[in-house]
Each structure stands twice: as C-alpha cells, then as structure tokens.
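Undergrad: need a 3D model of the following:
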Amino acid sequence: MNWTDPVESEKNELIRYIKGIRTADIIFGIVVLIICIVPIIVGILMLIDGNLYGISPIVIFSLVLLVPFGLFLSDLDKKKLIMAGNYKVSRCRVVSRDTAHAGRYKTYYFISVRADDGKVRKFKSNSKMYFRAKEGVKALLVCYPKKNEEDKGFPVDVIIPKDTGME
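TA: Here you go, the predicted model:
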C-alpha cells in the first residue's frame, strides 16, 4: 500500500470530516452539561432550604459531568494531527461493506477496500462513512503517525469523499 502526502482537495475533505466529528461531540457535550447543571442547582437550593437530601443530586450529577469533559477532549489529538497535516493517505476503491451486531443496540460498521497493490483490506468505520460507501466509489485511507513503538496510535480512518462519484 502506497502512503503519500495528501493533495489539497483531500486535505479539505479531512478537515471537513474532523470538524463534523468535533461539532457533534461538542453539541452533545453541551446538552449533557445543561441537563446535569439543572439537578445540581436544585440540589443546592435544597441544601439552602435545610434539606440534606440535596447532597445526592449534587454528587451524582457532578460525577455525570465527567461525560461532557470527555466529549470535549475526545478526538482533539486527531484534530491537531489533521490540522498540522501530520498524516499520510492512500487512495483506493470500496469493494464491499458489512456490519456486525454486538448486543441489542451496538453495531460495528466495516468497509472493505481494494488498495493500489490489489489486496482487499477491511477497516472499521463510522456509520456516516458506511452509508456513503458504495461499491466502486473512491475512498481515502488515512494513517496517523505513532508517537513511539509501544504506542498503538490511531486506527486507520476510511474517508469517502462527499462529492465522489462512480468513476
């Protein structure tokens, strides 16, 4: 598989991809933050009135507040790498796509691509790219550098360009 530097249109596609993921994370984090602040305020008001049961919502929802902070930090390292241009891409074509169900509500999405060396490889993907992937469509594989040898690094991303066609 040949890993090369991206061209300008590929850079723009990756920036659009990571901004979409970051926007969704931040919006969901803000919603959870607002939902958690209301019970905390109610708990504080209960304590002011002398009701010691107000400690419960304060403690519980203060712990739940860790979720938005995790969402604000998730994918931040990947965004920094993409914005700095510290990644390599490989151009390929989609061969197939499939899913695996893990339990009742969890689905894993996979996209199989044929690389320039002729081998078919299967990569885990997100639902947005899975539904955009059709057989024969161009795809980009994005590889991020590892910090050191022990580091697993980020998995390879499969990006299906938004304006791609069946060429």
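Undergrad: SS state for the residue located most distally from the centre of the chain?
TA: Ranked by distance from the centre of the chain (CA atoms, centre = their mean), the top residue is Gly50, with 44.7 Å. Following DSSP: H, G, I helix; E, B strand; the rest coil, we place Gly50 in the coil state.
Undergrad: so what's the nearest residue to Ser127 once chain neighbours are set aside bridging to?
TA: Distances taken as CB to CB, 6 or more residues apart in numbering put Tyr109 closest to Ser127, at 5.6 Å, once the chain neighbours are dropped. All C-beta spots, glycine's among them, are computed from the backbone N, C-alpha and C. Legend: beta-bridge partners of Tyr109 under DSSP bridges are Thr99, Ser125.
Undergrad: now do the helices in this protein.
TA: 8-48, 55-64, 66-73, 76-84, 127-132 (DSSP state H).
Undergrad: and the last one, what does it pack against?
TA: Spelled out, it's helix 127-132. For helix 127-132, the packing partners by 3 or more CB pairs under 8 Å, 6 or more residues apart in numbering; DSSP states H and E come out as strand 107-114.
Undergrad: which residues touch the closest residue to Asp117 other than its chain neighbours?
TA: Of all residues not flanking Asp117 in the chain, Met1 sits nearest, at 5.7 Å (CB to CB, 6+ apart). Counting by CB atoms under 8 Å, 6 or more residues apart in numbering, Met1 makes contact with 90, 115-117, 119, 121, 141.
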